[in-house]
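Trainee: coordinates only, sequence not included:
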């Protein structure tokens, strides 16, 4: 049986590019090579696409050399259903002409992106135009999941989801009237608060403020990374709990719940990715798995996680993060990661699902979603064009449409 041509797309113009590289190399090392031919597709910091076997070795990113042996610059043909990765190669001989060559054809794409230009719906939209199956949440769910401000509005609008109070600001609002911003935070939320860039993950640019001076520092930091910033009410040393969800449509399953361990007030980038040298990404994080929590809390978190997965029409694998307030025994949603670090494979391994099996299920979800998308009726036609007149050389000014309606 022919193998599936599995494109693993990763990197991109994002502050989280290095995390995505780790996650992607991990995944490529666990693919069942009896079922798939792995085609690495790396998008560089400059937005240039590359493919080649050398991209499977993490050493080739320290630093990344685009001219290294075993990789080639390519572009994706977005003609619907093509899936071709095209390279421009110089002609042979003295009078040879440059040639366009199809290096590979992607049949299914595993998106391993963290942050902007990949996790936020942009790449998903391009793959939908190209009519290629892909493993992550779709355009709308990815966009909402990436933007913390929109995400909180979604949680609020759902009506039944537990979330922490918040307010948000733009850089122009802060520059125009800093005192008004500070006063609003203090009046509506009090201290402590967490300040977060709206469109970043991996805790980059996130900090805690316990007083006005700290709030100013936190806002200055966050606005360095984004023009929109979320300020969220903080808790006093809460317990962090994470739950992954896997599937598509009516086939949805929650993972065991982990309790990440932190020596700090919250898990920052250093603890998430550098605590054990960084080579294992989120899989290297110190954690208790399963989390030592009551069965009722476990069941509630898993149920909420599956509800959010369905509400955002997610697919593949996601991770939803929570804070548990010991004082009030209340749990609050922190965020959804539509493409979690290390693809949350370690949570599924604890349930007996090998990483290779997790990849199989992600691919299966991608193919089901692709089939559903292609079942839509795109063939609707009408007689509307027959009755339209655009007025010839006069352009649209004064032109009449169907039944004399001006266009």
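Mentor: Thanks, I have it. Every value quoted in this text rests on a predicted model; they were computed, and no experiment measured them. Numbers count the residues shown, from 1 in each chain.

Trainee: work out which residue lies at the spatial centre of this protein.
Mentor: Centroid-nearest residue in the chain: residue 119, 2.6 Å away (criterion: C-alpha atoms, centre = their mean).

Trainee: buried ones in stretch 122-129, by neighbour count?
Mentor: For stretch 122-129, burial by neighbour count (16 or more other C-beta atoms under 10 Å) applies to 122-124, 127-128. C-beta: built from backbone N, CA, C; applies to glycine.

Trainee: dump those into a markdown table; add secondary structure and distance to residue 288 as well.
Mentor: Converted to a markdown table, the buried residues of stretch 122-129 look like this (DSSP: H, G, I helix; E, B strand; the rest coil; distance: C-beta to C-beta, whole Å):
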| residue | secondary structure | distance to residue 288 |
| --- | --- | --- |
| 122 | helix | 36 |
| 123 | helix | 34 |
| 124 | helix | 34 |
| 127 | helix | 37 |
| 128 | helix | 39 |
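
Trainee: list the contacts of the residue nearest to the centre of the chain.
Mentor: Neighbouring residues of residue 119 by C-beta atoms under 8 Å, 6 or more residues apart in numbering: 14, 111, 113, 136, 142, 145-146, 201, 338-339.

Trainee: from those, which land in strands?
Mentor: Residues of these located in strands (DSSP state E): residue 111.

Trainee: quick one: least confident of the contacts of residue 119?
Mentor: Taken together, those show their lowest pLDDT at residue 201, with 62.

Trainee: how about the helices in the stretch 51-200 of the chain?
Mentor: For the stretch 51-200 of the chain, applying DSSP state H, counting those that start in this stretch gives helices covering 122-129, 139-146, 148-158, 171-176, 178-188.

Trainee: for residue 232, find the nearest of those helices.
Mentor: Residue 232 lies closest to helix 148-158 among the helices of the stretch 51-200 of the chain, at 7.8 Å (C-beta to C-beta).

Trainee: what packs against the closest one?
Mentor: Helix 148-158 is packed against helix 139-146, strand 166-170, strand 228-233, helix 295-311, strand 330-337, with contacts defined by 3 or more C-beta pairs under 8 Å, 6 or more residues apart in numbering; DSSP states H and E.

Trainee: what about 7 Å?
Mentor: helix 139-146, strand 228-233, strand 330-337 (3 or more C-beta pairs under 7 Å, 6 or more residues apart in numbering; DSSP states H and E).

Trainee: what about that helix, average pLDDT?
Mentor: Helix 148-158 comes out at a mean pLDDT of 95.

Trainee: what comes up buried for it?
Mentor: 148-152, 154-155.

Trainee: and stretch 97-111, by the same measure?
Mentor: Neighbour-count burial for stretch 97-111 [16+ other C-beta under 10 Å]: 104, 106-111.

Trainee: check the residues you listed and tell me the two furthest apart.
Mentor: Maximum distance among the buried residues of stretch 97-111 (C-beta to C-beta): 16.7 Å, for 104 and 111.
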